[in-house]
Structure formats: structure tokens, C-alpha cells
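1. here is my input; please provide its structure:
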Amino acid sequence: MKFKFYTRPDCPLCVEAEQMLRLVAEDYAVEWETFNIEEDDEIHEKYMLMIPVLERNGEVVLYGKIGYIDILEIIAC
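-> Reported below is the predicted structural model:
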């Protein structure tokens, strides 16, 4: 399963969410591409109050505090 992962520098929730992605990826086929929202004005405006954001197929599936179980629930669907 592939995700887009929206983040920004100095974001503790983003660091935690990426750690959760790495843990899930140890047991499941999960891939993600990381995007820094501060590098794109449109994405920054869209997600600045939501990050971290996980998006799949153009749809936001998780945002804010993202935990291990949250990610498992998404990949189980």
C-alpha cells in the first residue's frame, strides 16, 4: 500500500507518525513518499493545520496524531 505523507520540519507529531509508519512497514507492505508542506504554497495552505497527513489515492485517510493501530485499520480496509 502506498501513501503520500505530508509533514514539515520541527513537527513532533510528524516524527512520531513516521516512526509508526516504519513499525507497520516491518510487518506489512507499506510505502510512503514524504512531502514537506513548506516547499509548496498550495499544499501548505491545504494541510498546515492538519499535519501530519497520510493520503492514499488522493484522499486524506489519517491526519494529526497518527498511531500504529490507526495505520493498521487503514491498510485492513
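2. what's the helix or strand for Lys4?
-> Using DSSP states H and E, the element containing Lys4 is strand 2-7.
3. list the buried residues in the helix or strand just after that strand.
-> Once strand 2-7 ends, the next helix or strand along the chain (criterion: DSSP H and E) is helix 12-25. Under the neighbour-count criterion of 16 or more other C-beta atoms under 10 Å, helix 12-25 has Cys14, Ala17, Glu18, Met20, Leu21, Val24 buried. For every residue, glycine as well, the C-beta is placed using N, CA and C.
4. residue ranges with poor pLDDT in this protein?
-> Within the chain, no range satisfies pLDDT under 70.
5. which residue is most remote from the mean position of it?
-> Farthest-out residue of the chain from its mean C-alpha position, per C-alpha atoms, centre = their mean: Asp41, at 18.3 Å.
6. ok, back up a step: would you mind giving the buried residues of helix 12-25 as a markdown table with distance to Met48 added?
-> Below are the buried residues of helix 12-25 laid out as a markdown table (distance: C-beta to C-beta, whole Å):
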| residue | distance to Met48 |
| --- | --- |
| Cys14 | 12 |
| Ala17 | 16 |
| Glu18 | 18 |
| Met20 | 21 |
| Leu21 | 21 |
| Val24 | 25 |
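7. what is the nearest of the residues you listed to Gly64?
-> Ala17 (8.9 Å; C-beta to C-beta).
8. ok, the strand holding Lys4: who's next to it in the sheet?
-> Here strand 2-7 has these sheet partners by DSSP bridges: strand 31-36 (parallel), strand 53-56 (antiparallel).
9. just the angle between that strand and helix 12-25, please?
-> On the basis of axes from the mean of the first three to the mean of the last three C-alpha atoms, to 10 degrees, strand 2-7 is oriented at 160 degrees to helix 12-25.
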